[in-house]
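K.L.:
have a look at this prediction, sequence included:
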Amino acid sequence: MVSMRKSRLGAWIAVVALALGACSDEGAGAGIDGAPGAGFVDSPAMGSAGSMAFDDPAMAPPSDAIAVPGDTGGVPAVDAMPGTGAPADDTAATDDTVAVADMPPMDAPDVSDDDFAQYHDPGTGPWEMGSAQECKMDPSMVRGRQNLAVFRYGKLCHIQGGNTRIQNWSATKTLGGVLAGRASFLLSDVERAGPGTGPFLHEDRVTDWLSTVRYSIHGEALLSHVMSMTAYNSNLAHGSKRFSYDTVGTREITAIVDVAMAALDQLGGAVPTEERAFMQQEVFDRLGMEDSSWPGGTIGYGWTGSLEDMGRVGVMLVHDGWYGGERFMEASWVYRMSHPAHEDANTAYGQLAWLNSRGGGTSIGAREDDCAPAAFWPSYPHVGSEATDCRATTGDCSQEHDVGVYSAQGLGGQFIAVHPGLDLVIAAHNATNVPALWADVRPAIVAMDPTFTGDEAAFCQAYGAGDYAPDLLVPRLAPEG
């Protein structure tokens with residue numbers, strides 16, 4: 001079991017207050033680190049967007065009680081009984097959805113780890129620079145001036161503005177999902193003999209693993225609620241949950257780190273059970289991330305990393321957890337990160353990652369891009385959700401390929417955009433938003449696409465509908481209950 005970590009409030013109160021003081025109602029060009037319905041913009045006190053880095057463990061984000069707009073006041077402990085939780089915010093998804101097509105379940109193909117060996121990545125070595133022909137990309141056609149790097153087929157295809165290394169803010173949330181996925185995978189061979197044993201699963205209760213729950217969450221909350229930012233609700237029933245952004249991670253989402261560290265005790269010291277040491281050894285080192293640090297305490301923010309390190313995380317994800325010639329985390333864990341967890345609360349959020357949607361998304365990170373496929377499950381209801389359809393408000397739920405675009409997003413425009421159907425990852429610092437980032441890179445991709453050869457309108461029609469996925473070498477399989 002996990003005991004409460006010592007809080008390190010002092011230096012971070014000023015930092016969080018500074019960030020929160022920079023809120024605006026629009027949040028354009030500022031990432032998504034805001035309260036529900038609001039976003040952060042840069043302020044003169046912060047300097048350039050996202051440019052504050054914190055590498056000293058003594059400056060770690062606090063592990064308890066910081067109040068944020070839309071949060072529950074960072075209550076450091078919760079009575080682990082049904083009915084607890086924070087007041088809901090006003091960003092609930094509505095039931096005003098259009099009729100959608102019923103989709104018969106497709107026959108699941110046989111997939112093994114041998115199939116993933118087709119994918120390429122740098123492992124722990126340096127990035128290999130891909131030529132225009134190897135990357136099927138014309139770098140001269142990339143628009144915009146923001147710092148960005150494009151990775152395709154496991155190679156670095158283009159970088160502009162230098163390999164900048166800055167604070168990635170809420171992109172840390174997705175990194176936290178990676179940490180949890182890695183920990184769960186390492187427990188795959190541990191026998192599950194009841195609650196709180198074996199690998200931790202999305203449908204486990206938080207209280208299965210933690211005797212003391214120091215977060216503002218419902219006593220019956222599942223790990224899937226925690227990672228989808230819905231565990232705070234007083235009513236977790238389908239149709240009653242609301243999404244509220246856990247800005248600094250102290251309300252609920254960091255509970256997944258506590259669960260992971262508690263579960264790893266079963267390995268008897270084979271891997272570190274201190275969160276920073278685990279992140280360093282099992283994530284940064286294994287992915288070859290030499291320019292990254294994380295001070296611990298929260299997964300709400302704190303990851304300082306370079307574009308090239310962001311690309312390593314993205315390439316591992318775009319290959320469904322396969323990296324360096326071996327399985328890094330289960331493909332099913334990546335699938336649940338990259339698909340809606342609870343459509344009744346938010347169609348644009350999975351498990352610690354933002355999703356491209358077709359309506360029904362809430363909070364500032366929910367943006368719709370018609371020239372990118374949406375993240376839908378192949379059939380409904382699905383594991384973890386009683387939704388009867390994808391809750392699209394534009395179009396329907398049908399798609400030929402399960403290749404919805406998803407992303408890590410942080411204050412100031414720190415993004416990792418993942419395109420499974422194109423074996424493509426775009427990492428950016430100080431960008432505007434994920435659709436705008438894709439619009440800047442897309443002409444370079446379409447120009448050398450063997451099917452559409454520069455016809456961007458036709459490309460968008462096919463790719464946006466999920467009907468074009470030329471580089472999905474291994475089918476993505478939806479987990480079953």
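P.N.:
The structure has been received and is ready for your questions. Residues are numbered from 1 along each chain as shown.
K.L.:
so what's the closest residue in space to residue 467 that isn't next to it in sequence up against?
P.N.:
Leaving out its chain neighbours, the residue that sits closest to residue 467 by CB to CB, 6 or more residues apart in numbering is residue 400, at 4.7 Å. (C-beta placed from N, C-alpha, C; glycine too.) Residues in contact with residue 400 (CB atoms under 8 Å, 6 or more residues apart in numbering) are 465, 466, 467, 469.
K.L.:
go again with 10 Å.
P.N.:
Counting by CB atoms under 10 Å, 6 or more residues apart in numbering, residue 400 touches 106, 373, 462, 465, 466, 467, 468, 469.
K.L.:
what's the pLDDT at the last one?
P.N.:
Think residue 469. On the pLDDT scale, residue 469 is placed at 98.
K.L.:
run a quick neighbour tally on it.
P.N.:
Using other CB atoms under 10 Å, residue 469 has 22 neighbouring residues.
K.L.:
so where's this structure uncertain?
P.N.:
1-108, 481 (pLDDT under 70).
K.L.:
what is the longest helix of it by residue count?
P.N.:
Longest helix of the chain, by residue count under DSSP state H: helix 171-186.
K.L.:
what about it, distance to the chain center?
P.N.:
Relative to its chain's centre, helix 171-186 lies at 9 Å (CA atoms, centre = their mean, to the nearest Å).
K.L.:
quick one: residue 433 and residue 412 touch, right?
P.N.:
No - contact criterion CB atoms under 10 Å: residue 433 and residue 412 do not qualify, at 11.7 Å.
K.L.:
out of the two, which sits in the busier spot?
P.N.:
Comparing residue 433 with residue 412 by other CB under 10 Å, the one with more neighbours is residue 412, at 28 against 23.
K.L.:
look up how far residue 323 lies from the closest residue to residue 321 other than its chain neighbours.
P.N.:
The shortest distance from residue 321 to any non-neighbouring residue, by CB to CB, 6+ apart, is to residue 329 (4.1 Å). Residue 329 sits at a distance of 9 Å from residue 323 (criterion: CB to CB, to the nearest Å).
K.L.:
what's the overlap in contacts for those two?
P.N.:
316, 317.
K.L.:
could I get the phi/psi values of residue 223?
P.N.:
Dihedral pair for residue 223: phi -60, psi -30, per degrees, to the nearest 10.
K.L.:
got phi/psi on the most centrally placed residue in the chain?
P.N.:
Residue closest to the average C-alpha location in the chain (CA atoms, centre = their mean): residue 353, at 2.3 Å. Taking degrees, to the nearest 10, you get phi -150, psi 150 for the backbone angles of residue 353.
K.L.:
you'd agree it is up against residue 333?
P.N.:
No - applying CB under 10 Å as the test, residue 353 and residue 333 come out as separate, 11.3 Å apart.
K.L.:
one step back: now do the next helix-or-strand element following the longest helix of the chain: which elements does it pack against?
P.N.:
Next helix or strand after helix 171-186 toward the C-terminus (DSSP states H and E): helix 223-227. Applying 3 or more CB pairs under 10 Å, 6 or more residues apart in numbering; DSSP states H and E, one finds that helix 223-227 contacts helix 171-186, helix 255-264, helix 331-337.
K.L.:
so what touches whichever helix or strand comes after the second one?
P.N.:
Just to be clear, that refers to helix 255-264. Along the chain past helix 255-264, the next helix or strand (assigned with DSSP H and E) turns out to be helix 275-278. With contacts defined as CB under 10 Å, 6+ apart, helix 275-278 is touched by 2, 5, 57, 60, 63, 176, 179, 182-183, 186, 254, 257-258, 260-261, 264, 271-272, 284, 293-299.
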